[in-house]
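> dropping the sequence and predicted coords here.
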Amino acid sequence: MQTSAPLLGEPLPVELMNTIWADRDGVHDALTEPAGTAAWLRAVAPRAELLAAAGPEAPDEAELARLAERLRGLRNALRRLAAEATGDPRPAAAAPGEPADLAAAVAAVNEAAGAVPRWSALAWTPGETPARLARTSGRAADATVSAIAEEAVGLFSRPERLRLRACLAPGCVLYFVKRHPRREWCSAACGNRARAARHYDRHRRRAP
C-alpha cells in the first residue's frame, strides 16, 4: 500500500503537516488507519535516519494504532504552528483536534521531541570512511516521531519559518517552504488550478 498523502520533497515536519490533504471529494487524513500510518512511515523511511537504520522492523497493528495517534497529535500541533507563522486564512486547513492556542501547540511539539531518547554514534572501520549513525533506546518508529518534532523546533525557531507558506490555490490545505522567489504554490497542479480560477474570475467579471 502506498501513502495517499502528497510527498513534495519538503522538510519532514512539513511532509507530516501535509498528511492532511484535499481533493474534489473534500479533506482527507492519511493517518486515520494503521495501514495508512505504516504506508507513510515506509514512504519517508529513506529520509528518516532512524527508520532507515532499523531495516525491516515492522510495528504490529496495536503499535501502529499508537503511532498513528502520536503522529496525528504532532501533525495537528505543527499545523497550528504553521497557521500562526503564515497567517493562514483557510478555514478548511484546520485539522480536527488541532490545539486551540499557540501555547498548547508548542507544548505538544516539545513533549513529542523529548519523548524518546536518540543520539548520534560514530562508526569508523579501518580503511573505510567514517559514518554517522542514528541510535535510539526505543523503537525506531517512535524515535522518528520525536526526531521529526525536534526538526520542527529547528524549523520554527530559525528564520526558515519566514519561508513557510500556506498554499492558497483553490481547495488546497497544504503547506510548503518557499525556496525559490517565484514559487507561489505547493505544486504545479495547484499553480495551474489557481491560474484557471483567476482566468475564469476575470472573464466572469467582464461578462455583461
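Perfect, thanks for sending it. All of these numbers come straight from a predicted model, not from anything done at the bench.

> gap between Ala188 and Leu8?
11 Å (C-beta to C-beta, to the nearest Å). In short, each C-beta sits where N, CA and C put it, glycine included.

> and the two? Which one has more around it.
Leu8 (15 against 8; other C-beta atoms under 10 Å).

> need the per-residue pLDDT for that one.
Here the pLDDT value assigned to Leu8 is 95.

> residues near the residue lying closest to Ser4 once chain neighbours are set aside, how many?
The spatial neighbour of Ser4 that comes closest, neighbours along the chain excluded (C-beta to C-beta, 6 or more residues apart in numbering), is Ala30 at 4.8 Å. For Ala30, the neighbour count with other C-beta under 10 Å is 23.

> what of Gly73?
18.

> do Ala5 as well
A total of 23 residues lie near Ala5 under the criterion other C-beta under 10 Å.

> which residues touch the spatially closest residue to it that is not a sequence neighbour?
Spatial nearest neighbour of Ala5, excluding adjacent residues (C-beta to C-beta, 6+ apart): Ala30 at 3.7 Å. Contacts for Ala30 were tallied using C-beta atoms under 8 Å, 6 or more residues apart in numbering; they are 3-5, 19-21, 36, 39-40.

> Thr37 and Thr19, how far apart?
If you go by C-beta to C-beta, the gap between Thr37 and Thr19 works out to 9 Å.

> sheet partners, orientation included, of the helix or strand where His28 lies?
Per DSSP states H and E, His28 falls inside strand 26-29. The strands that strand 26-29 pairs with in its sheet are strand 20-23 (antiparallel) (by DSSP bridges).

> what about the partner strand, distance to the chain center?
13 Å (C-alpha atoms, centre = their mean, to the nearest Å).

> which residues touch it?
Strand 20-23 is contacted by residues 4-6, 27-30, 75, 79, 92-93, 95, 171-174 when judged by C-beta under 8 Å, 6+ apart.
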